[in-house]
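K.L.:
I'll drop the sequence and a predicted model, then ask my questions.
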Amino acid sequence: MALPESVEKLIQQFSKLPGIGSKTAERFVFYLLKQPKQNISEFINSLEQLKNNVQICSECFDYSEKSPCRICSDPGRDKTTVCIVAESPDILAMEKAGEFEGVYFVLGGTINEIQGIGLEQLNYHKLETNIKRDHIKEIILALDANIQGETTAMYLAKKLKPLDIKVTRLARGLPMGSDIEYADEITLSNALKGRREI
């Protein structure tokens with residue numbers, strides 16, 4: 001069955017999203033076709049606001065509608081304790097645990113030699129600036145428990161050791177091969193409480 005060109009184009013756009021195959025993309029499009037125009041207008045408006053209003057925080061590289069973001073500008077947060085995460089969704093997971101009172105820093109990925117990603121391609125240069133400026137006392141490495149996360153953690157620990165900063169890693173409450181983004185609050189809470197120096 002030949003689909004209208006506009007339907008095909010939207011299916012292709014949805015298929016570009018991570019984890020979305022062509023069948024799921026088709027379901028999305030046919031669902032949207034059944035919606036009233038008002039719902040579609042709100043959906044389009046939300047996408048436009050996402051692109052126009054969301055920016056990257058100049059301090060931590062998290063997504064925010066203002067810079068510095070809500071966490072970085074909160075006077076109640078401990079700016080001498082920084083939790084390093086690979087990507088923004090990891091902050092959301094950590095905040096749900098409700099245990100951490102410091103600030104975050106988004107690396108923008110992890111070291112992956114096969115893909116040619118080293119520390120230079122990540123946000124490490126800004127981290128060094130923040131360390132000197134904010135007199136940081138502890139860095140918590142909250143990276144995924146997989147090969148890329150382990151490699152990045154070891155490399156960061158080696159780079160940060162000469163700066164005389166306490167460097168800790170989340171405890172092994174996170175199973176190997178798991179992503180922080182999908183961990184439950186109790187696991188993350190225990191991992192934060194049981195962190196250790198490396």
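P.N.:
In hand now; what should we look at?
K.L.:
drop to CA atoms for contacts and neighbour counts, all remaining ones
P.N.:
Noted.
K.L.:
can you check the pLDDT for residue 126?
P.N.:
Looking at residue 126, its pLDDT reads 90.
K.L.:
repeat for residue 58
P.N.:
In the prediction, the pLDDT value recorded for residue 58 is 94.
K.L.:
what number of residues lie near it?
P.N.:
When counting by other Cα atoms under 10 Å, one arrives at 15 neighbours for residue 58.
K.L.:
over to residue 74?
P.N.:
13.
K.L.:
what sits against residue 153?
P.N.:
Residue 153 makes contact with 141, 143, 169 under the criterion Cα atoms under 8 Å, 6 or more residues apart in numbering.
K.L.:
host element of it?
P.N.:
Assigned by DSSP states H and E, residue 153 falls within helix 147-160.
K.L.:
likewise for residue 79?
P.N.:
Here residue 79 is assigned to strand 78-85, by DSSP H and E.
K.L.:
output the contacting helices and strands for that strand.
P.N.:
strand 102-106, strand 138-141 (3 or more Cα pairs under 8 Å, 6 or more residues apart in numbering; DSSP states H and E).
K.L.:
how does it look with 10 Å?
P.N.:
Under the contact definition 3 or more Cα pairs under 10 Å, 6 or more residues apart in numbering; DSSP states H and E, strand 78-85 sits against helix 88-97, strand 102-106, helix 124-134, strand 138-141, helix 147-160, strand 166-169.
K.L.:
distance to residue 113 added to those, as TSV?
P.N.:
Formatted as TSV, the helices and strands packed on strand 78-85 follow (distance: least, Cα to Cα, whole Å):
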stretch	distance to residue 113
helix 88-97	22
strand 102-106	19
helix 124-134	16
strand 138-141	19
helix 147-160	9
strand 166-169	22
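K.L.:
number of nearby residues for residue 192?
P.N.:
By other Cα under 10 Å, the residues close to residue 192 number 22.
K.L.:
ok, it to residue 151 distance?
P.N.:
According to Cα to Cα, to the nearest Å, residue 192 and residue 151 sit 20 Å apart.
K.L.:
what does residue 53 give?
P.N.:
On the measure of Cα to Cα, residue 53 and residue 151 end up 34 Å apart.
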